[in-house]
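K.L.:
How does the following fold in three dimensions:
(one chain, ligands or ions: 1)
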Amino acid sequence: MLLLGDEAIAQGALDAGVSGFYAYPGTPSTEIMEYVQRSRDAAERNVHRAWSANEKTAVESALGMSYAGKRAMACMKHVGLNVAADPFINSAITGVNGGLIITVADDPSMHSSQNEQDSRFYGKFALLPMLEPSSQQEAYDMCRHGFELSEAVQLPVLLRITTRLAHSRSGVKPRPAIPERPLQLPQDMRQFVLLPAIARKRYRRLIELQPELVKAAQESPFNSYQDGPDRSMGIVACGLAINYVRESFPDGVSPYPLLQIGQYPVPVNRLERMADECGRILVVEEGQPFVEESLRGALNRGMDVRGRMDGTLPPDGELTPNRVRVALGMDDRSGEPVPEIVRMRPPALCRGCSHADTYKALNQAVKSEYGDGHVFSDIGCYTLGALPPFESVNSCVDMGASITMAKGAADAGMRPAVAVIGDSTFCHSGMTGLLDAVIENTPILVMILDNSATAMTGGQDSHAYGRLENICLGLGVEREHLHLINPVPKNHGDFVALIRRELDYDGVSVIIPTRECIQTLKKRSKGKPAGSPAGKQGGRQ
Ligand code: SF4
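P.N.:
All right, here's what the predicted structure looks like:
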């Protein structure tokens, strides 16, 4: 089978007898769920495969399925793990019943993300075993291995991938599928009750398990030590990075000892061997200096360790074959400058996007009267309103932050304070912020830009579809300060007047401009399911 890394994970989990996928869309992880949603096998087996409201609910639901004895997977991009950090860390304490894999796709170089972060630190923080594939085949195989490991140690397993693996394709040899697990309650019925007395006991167990996790990593088929004749240097390569190392040598054979790490905790015995035998160690890892830092220690004395921390490799951004070549002391083949035609172009709203009409109205009502600095945005296509020609919004921090930031600014005395958020993002984590504002009747105007889709990741269904008005009323927004409008050019005058009117109100107002994303509209009219990439960069960025 020719599969993307994301698809290999989906197929690997399906063939390993998984009963449910829980995910929130976000590049580069979106295609895992999309593959499962297209899978006939998943449909016939009735595998759970609907999008979750956010990453936290995804991890909690997957944990619930594990509680019931079945195998489950939660998927998200790296910043999604920040949202899910609470259940993620606590699931290490509760442990699991059925196997549980939490797949997180990191995005070094921020191709479509607001930050670079390395999820392996979360795995270490939670004291959980981790897997990091170097190829699509390993991504597939690691699913079965991950579920078995999870059930053997009774802990969730973090499966970490990066953009390049998620979005590149390669042949994968599938294995015979195994049946789903039966419904089965946990043996210890108190295990999931994290009252302090139980949590303390469970945490102690987690600590006691650590040597077993190290042993499992040391014996893992995904960690290997390949000796080499030239011991002036040893190379540690994690996950995908092994490919860049191999590409640097003729026939892909390293003359230096080469330690490949695909399962964590770090296999200490193999590192010790390299430290004893080699003059210096180069650590090649995608993301932050996770292994390098543990090799150097706090004082950085003794071993000659090279990597991202000393500048042998750049401290940020994605690895490339050339960056690794240079780190190995070879010639720089960065080549000719990138021709203009293939250069990255600034992203822009699609022609005819409803957000453009909303920003025109917002600019006329807010920017031209009060100046810049009054509009707080969230993450989604509408964030592109920060760029020319609109330059309407002044913030983009994380999912849900627009309403809460506008509230904080209003609390500080800023008038007006306007929040812009999408329908899907509002469901993800905007609702609680609106509740905060309603409780205090904070003078803010919230614009929920309803395009009836999670558009930036390709048009997945929005949980809010047809429900936004009722949700706002349910949260306590006053009927007379809650308005729907179709943001089409002929309504521009009414739209501007409505915004002006609500800016004058000294409390919470909500305006919901409602018009479907033209990309999902096009797909629907061609009879295609929404959910495939809309041809834009980005995702949950
Ligand atoms: S994908 Fe949809 S919402 Fe996003 S910019 Fe294009 S038309 Fe607008």
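
K.L.:
by contact count, what packs against the strand or helix carrying Lys407?
P.N.:
Here Lys407 sits within helix 401-411, counting by DSSP states H and E. On a contact count with 3 or more Cβ pairs under 8 Å, 6 or more residues apart in numbering; DSSP states H and E, helix 401-411 meets strand 375-376, strand 418-422, helix 431-440, strand 445-449. C-betas here are computed from N, CA, C, even on glycine.

K.L.:
What average pLDDT does the shortest one get?
P.N.:
What that stands for is strand 375-376. Across strand 375-376, the average pLDDT comes to 96.

K.L.:
just to revisit the earlier point, please identify the deepest-packed of the helices and strands packed on helix 401-411.
P.N.:
strand 418-422 (a mean of 30; mean count of other Cβ atoms under 10 Å).

K.L.:
With the ligand in mind, check whether that strand reaches it.
P.N.:
No: between strand 418-422 and the ligand, judged by Cβ under 6 Å from any ligand atom, nothing touches; the nearest distance is 8.1 Å.

K.L.:
Quickly run through the sheet partners of that strand, with directions.
P.N.:
strand 375-376 (parallel), strand 445-449 (parallel) (DSSP bridges).

K.L.:
Could you say which one of the ones you listed comes nearest to the ligand?
P.N.:
strand 445-449 (8.2 Å; Cβ to the nearest ligand atom).

K.L.:
Identify the residues contacting that closest one?
P.N.:
354-355, 358, 362, 380, 382, 403, 406, 416-423, 426, 430, 434, 437, 468, 472, 499, 502-503, 508-513 (Cβ atoms under 8 Å, 6 or more residues apart in numbering).

K.L.:
mind listing what's buried in the helix holding Lys407?
P.N.:
401-410 (16 or more other Cβ atoms under 10 Å).

K.L.:
And that helix, how far out from the chain middle?
P.N.:
Using Cα atoms, centre = their mean, to the nearest Å, the mean C-alpha position of helix 401-411 is found 25 Å from that of the whole chain.

K.L.:
who are the neighbours in contact with the spatially most central residue of the chain?
P.N.:
In the chain, the C-alpha nearest the mean C-alpha coordinate belongs to Lys77, at 0.9 Å (Cα atoms, centre = their mean). By Cβ under 8 Å, 6+ apart, the contact set of Lys77 is 26-29, 104-107, 113, 539-540.

K.L.:
what's the pLDDT at it?
P.N.:
Value for Lys77, per-residue pLDDT: 96.

K.L.:
Likewise for Gly262?
P.N.:
98.

K.L.:
Could you pull out the strands in the stretch 401-541 of the chain for me?
P.N.:
418-422, 445-449, 482-485, 509-513 (DSSP state E, counting those that start in this stretch).

K.L.:
closest one to Val47 among those?
P.N.:
Closest approach to Val47 among the strands of the stretch 401-541 of the chain is made by strand 418-422 (28.2 Å; Cβ to Cβ).

K.L.:
tilt between that closest one and strand 509-513?
P.N.:
For strand 418-422 against strand 509-513, the angle between stretch directions is 40 degrees (axes from the mean of the first three to the mean of the last three Cα atoms, to 10 degrees).

K.L.:
buried sites along whichever helix in the chain runs longest?
P.N.:
Using DSSP state H, we find that the single longest helix of the chain is helix 196-218. Of the residues in helix 196-218, 198, 202, 206, 209, 213-214, 216-217 count as buried by neighbour count, 16+ other Cβ under 10 Å.

K.L.:
go on, stretch 142-159?
P.N.:
142-147, 149-151, 153-159.

K.L.:
Just name the closest of the residues you listed to the ligand, please.
P.N.:
Leu159 (29.1 Å).

K.L.:
pretty sure that closest one contacts Arg144?
P.N.:
No: the criterion here is Cβ atoms under 8 Å, and Leu159 misses it with Arg144 at 11.6 Å.

K.L.:
ok so, going back, using CSV, write out every CA atom in the helix holding Lys407.
P.N.:
Output of helix 401-411 as CSV, limited to C-alpha atoms (Å, rounded to 0.1, in the frame of the first residue of the first chain):
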residue,chain,number,x,y,z
ALA,A,401,-7.8,33.3,23.2
SER,A,402,-9.7,36.0,21.3
ILE,A,403,-12.7,36.3,23.6
THR,A,404,-10.6,36.0,26.8
MET,A,405,-8.0,38.6,25.6
ALA,A,406,-10.8,41.0,24.6
LYS,A,407,-12.3,40.5,28.0
GLY,A,408,-9.0,41.2,29.7
ALA,A,409,-8.5,44.3,27.6
ALA,A,410,-12.0,45.5,28.4
ASP,A,411,-11.4,44.8,32.1
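
K.L.:
Is Gly80 in contact with Thr103, as I believe?
P.N.:
No: the pair Gly80 / Thr103 is not scored as a contact, 10.4 Å apart, by Cβ under 8 Å.

K.L.:
what do those two both touch?
P.N.:
Common neighbours of Gly80 and Thr103 (Cβ under 8 Å, 6+ apart) are Ser29.

K.L.:
what residues are up against Val79?
P.N.:
Per Cβ under 8 Å, 6+ apart, neighbours of Val79: 26, 113-115, 117, 398-399, 540.

K.L.:
Quick check: buried residues in the helix or strand where it lies?
P.N.:
Taking DSSP H and E as the criterion, Val79 maps to helix 78-83. Across helix 78-83, burial judged by 16+ other Cβ under 10 Å covers 78-83.

K.L.:
Intersect these with the contacts of the ligand.
P.N.:
Of the buried residues of helix 78-83, not one also sits near the ligand (Cβ under 6 Å from any ligand atom).

K.L.:
Tell me the one of those residues nearest Leu282?
P.N.:
His78 (24.9 Å).

K.L.:
pretty sure the closest one is in contact with Val104, am I right?
P.N.:
Yes: if you go by Cβ under 8 Å, His78 and Val104 touch, sitting 5.8 Å apart.

K.L.:
can you give me the end-to-end distance of stretch 510-521?
P.N.:
25 Å (Cα to Cα, to the nearest Å).

K.L.:
Not counting that stretch itself, show me its contacts.
P.N.:
Taking Cβ under 8 Å, 6+ apart as the rule, stretch 510-521 contacts 350, 352-354, 357-358, 381, 434, 445-453, 455, 459, 468-469, 472, 477, 481-488, 495, 498-499, 502, 530, 534-536.
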